[in-house]
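S.K.: Here is a sequence with its predicted model. Questions after.
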Amino acid sequence: MIRSIDFFSAWTNAHRAELKGIWRKRSSFTNFIKGDNNTVLKLVSEDLGISCYPKDYYSIDAVFYSKEDRVPETPENSYWFHDIQIAFEHENEFNRNLYQEVAHLLLLNAQLRVLVTY
């Protein structure tokens, strides 16, 4: 089981210099956090030794999972999970509907729920 301190450590080590350079560019910053390639979430998942599905999954921004968490015989390019290691939400507008992001995290059963906001 991944502990919150392990996630925090991986999160704070991922792309620190690049993040400082695009901090005020919301769209670029969000894409760098949870886009498809070479993103913060990818680095965090590698650091934790698990995989990341960086796309919406039942209203969750991203999920982290182990190979065993995927439903067997899932069609190619489909992602179904019977367990989720980390449910992840990212919100770059702290004062706008934050309760919805928390509600999204409560939709799924996960070992750890993470909300990053600023």
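M.R.: Thanks, I have it.
S.K.: residue ranges of the strands in the chain, please?
M.R.: With strands called from DSSP state E, the chain shows them at 51-53, 62-65, 86-91, 112-117.
S.K.: ok now the first one, how far from the chain's centre?
M.R.: Meaning strand 51-53. Centre-to-centre, strand 51-53 and its host chain are 8 Å apart (CA atoms, centre = their mean, to the nearest Å).
S.K.: And stretch 47-63, by the same measure?
M.R.: In terms of CA atoms, centre = their mean, the gap separating the centre of stretch 47-63 from the centre of its chain is 5 Å.
S.K.: what's the answer for stretch 74-86, then?
M.R.: Mean-position distance between stretch 74-86 and its chain equals 14 Å (CA atoms, centre = their mean).
S.K.: Give me the distance between I5 and A14.
M.R.: Counting by CB to CB, to the nearest Å, the separation of I5 from A14 is 15 Å. All C-beta spots, glycine's among them, are computed from the backbone N, C-alpha and C.
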